[in-house]
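Engineer: attaching a predicted model along with its sequence, questions to come.
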Amino acid sequence: DSSSSVDSEATTSKRISISELSLKYKFIKEVAKESGKVYLRLIPNDSRVTLEQQKRDTAVIFRNITDTLSDSFSSDSKEIRKHSNYVTFANSDLIDLWSRRVGVQLSSGEIKPEKTIVVIGSGDVGESVVKDLINYHERHAINCKIVWINRTQEYVEHRVRDLSSDHLTSCVTISTALEDCKEADMIVMTAGVKAGRIGAATREKALVHNMDIIEKYSHLIKSWVKKDGSTKLAMLTNPVELSAQLMQERTEIAPENIIALGTHLDTKRYVRFLEEELAKIGCRGQEIKALVLGRHTASGMIFQSENITFGGEPIARLVDYGAISQDQLDEALAVAQKRAREEGIVMSKSKYGKGAYEKPAKAGVEIITSWLYGPEKGKESEIFSAGILT
């Protein structure tokens, strides 16, 4: 739900009329087939409308709806609920009654998905990828079909039913049907064995076990790619670079249409550890930008300290300004690098046999969505380090 600050701003700011908002947005009425719930979505007519503006306008719309329909439902009921950029109605009667009373024209919600994304694998990473993709498309109001595939379809179908009950918006459709994979825009490969369960201390040793999985799905993937060859494939199966190369050889997808998760995840970890180490010596509160190159393995990472910035300036300026000594900076960099190398293998060695999955999934979805839709607003200058084939 929207934050209280947005709600209070909508209450105290200059009251915007519904007629003004109807010029600013298309009011889309969508009906969920499974639950029968109805969604009022605000689709901006101008691409310059920010998410924060949309949240505020949704709060204004919600207040107008509750004021207009105050005689039609109890104030403590859940028949009408507000979310960040859409409003949920328990049934069509309520939204139709509101539109008639205020004179708003509702457009049909029969909108075809802009993209079809296939996610292969229902393990921890696969499920996290599906959830993060749902959240991304809901947040940006992008219509999308996500097809979730696994060797045990019964399990995936159960998880899809569970997710469908959790997520209220109808802009995302989830399917488990193989026929829906055809003409996919993006295929995300997450299927693979857990390193901890096979006693593998490195990602490379998992390849022997994952080769059969890659072979199996490569035949299916060849039948799913678009005829124009534009289908993209993202590999999250470890070891990501070698798995991407093997999948490219088996599917013959153009190399420029395949990427591996690469060291984007390692970069995010490195930045986090560097922030912690610098904070210990009094340097905090500024954004750190860095880029880890090389391979997504503990031994394959390449750290380039000269390209790190702290608050928009080269990190070496901390020494020039007298904030810290060169020895302190060198120590912070060394410790952060050591922790980044260790982070990738610490969970796979765990006695619980459960590897890290939420952070890899989030890092993967950041790359996938940027590749499909371009960078998010405000992140146009961000650089991702991904594994590519030449």
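Structural biologist: It's in. None of the values given here were measured: they were computed from a predicted structure.
Engineer: helices along the stretch 51-200 of the chain, start to end?
Structural biologist: Using DSSP state H, counting those that start in this stretch, the helices of the stretch 51-200 of the chain run over 51-68, 92-102, 124-140, 153-166.
Engineer: show me how far the last one is from its chain's centre.
Structural biologist: Distance of helix 153-166 from the chain centroid (Cα atoms, centre = their mean, to the nearest Å) equals 19 Å.
Engineer: start the count at 349, not 1, going forward
Structural biologist: With 349 as the first residue, the last one maps to helix 501-514.
Engineer: can you tell me which of the helices of the stretch 399-548 of the chain is packed in deepest?
Structural biologist: helix 472-488 (a mean of 21; mean count of other Cβ atoms under 10 Å). The C-beta positions use only the backbone N, C-alpha and C, and glycine is treated the same way.
Engineer: turn the helices of the stretch 399-548 of the chain into TSV, including mean pLDDT and distance to residue 708.
Structural biologist: Formatted as TSV, those follow (pLDDT from 0 to 100; distance: least, Cβ to Cβ, whole Å):
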stretch	mean pLDDT	distance to residue 708
helix 399-416	88	26
helix 440-450	89	40
helix 472-488	89	6
helix 501-514	77	19
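Engineer: of those, which is nearest residue 608?
Structural biologist: helix 472-488 (13.5 Å; Cβ to Cβ).
Engineer: report the beta-bridge partners for the closest residue to residue 528 other than its chain neighbours.
Structural biologist: The shortest distance from residue 528 to any non-neighbouring residue, by Cβ to Cβ, 6 or more residues apart in numbering, is to residue 495 (4.7 Å). Beta-bridge pairing of residue 495 under DSSP bridges involves residue 466, residue 523.
Engineer: now for residue 495, how many residues are close by?
Structural biologist: 25 (other Cβ atoms under 10 Å).
Engineer: ok, now how distant is it from residue 407?
Structural biologist: According to Cβ to Cβ, to the nearest Å, residue 495 stands 34 Å off from residue 407.
Engineer: you'd agree residue 683 is up against residue 623?
Structural biologist: No: in this structure residue 683 lies outside contact range of residue 623 using Cβ atoms under 8 Å: 12.0 Å.
Engineer: more neighbours: these two, which one.
Structural biologist: Neighbours per residue (other Cβ under 10 Å) separate residue 683 from residue 623, with residue 623 holding more: 18 against 15.
Engineer: nearest spatial neighbour of the more buried one, skipping sequence neighbours?
Structural biologist: Using Cβ to Cβ, 6+ apart, the nearest residue to residue 623 is residue 636, at 5.7 Å.
Engineer: so where is the stretch 549-698 of the chain shaky, pLDDT-wise?
Structural biologist: 549-552, 692-698 (pLDDT under 70).
Engineer: hang on, the earlier thing: okay, and the beta partners of the residue nearest to residue 623?
Structural biologist: Assigned bridge partners for residue 636, using DSSP bridges, are residue 658.
Engineer: give the contact list for it.
Structural biologist: Residue 636 is in contact with 619, 622-623, 626, 656-658, 663, counting by Cβ atoms under 8 Å, 6 or more residues apart in numbering.
Engineer: how about residue 402?
Structural biologist: 390, 392, 432-433.
Engineer: buried subset of those residues, written for ChimeraX?
Structural biologist: Buried residues within the contacts of residue 402, by 16 or more other Cβ atoms under 10 Å, are selected in ChimeraX with:
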select :390,392,432,433
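Engineer: now pLDDT and distance to residue 646 too, for the contacts of residue 402, in TSV please.
Structural biologist: Below are those laid out as TSV (pLDDT from 0 to 100; distance: Cβ to Cβ, whole Å):
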residue	pLDDT	distance to residue 646
390	84	47
392	82	45
432	75	39
433	76	41
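Engineer: and which of the contacts of residue 402 is nearest residue 644?
Structural biologist: residue 432 (33.2 Å).
Engineer: the closest one touches residue 401, doesn't it?
Structural biologist: No: taking contacts as Cβ under 8 Å, residue 432 lies outside contact range of residue 401: 11.9 Å.
Engineer: buried residues in the longest helix along the chain, which are they?
Structural biologist: The longest helix of the chain (DSSP state H) is helix 674-694. For helix 674-694, the neighbour count (16+ other Cβ under 10 Å) marks 676-677, 680-681, 684-685, 687-689, 691-693 as buried.
Engineer: in TSV: those, plus distance to residue 379.
Structural biologist: As requested, the buried residues of helix 674-694 are exported to TSV (distance: Cβ to Cβ, whole Å):
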residue	distance to residue 379
676	61
677	59
680	55
681	55
684	51
685	53
687	50
688	48
689	51
691	45
692	45
693	49
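Engineer: many thanks, we can stop here.
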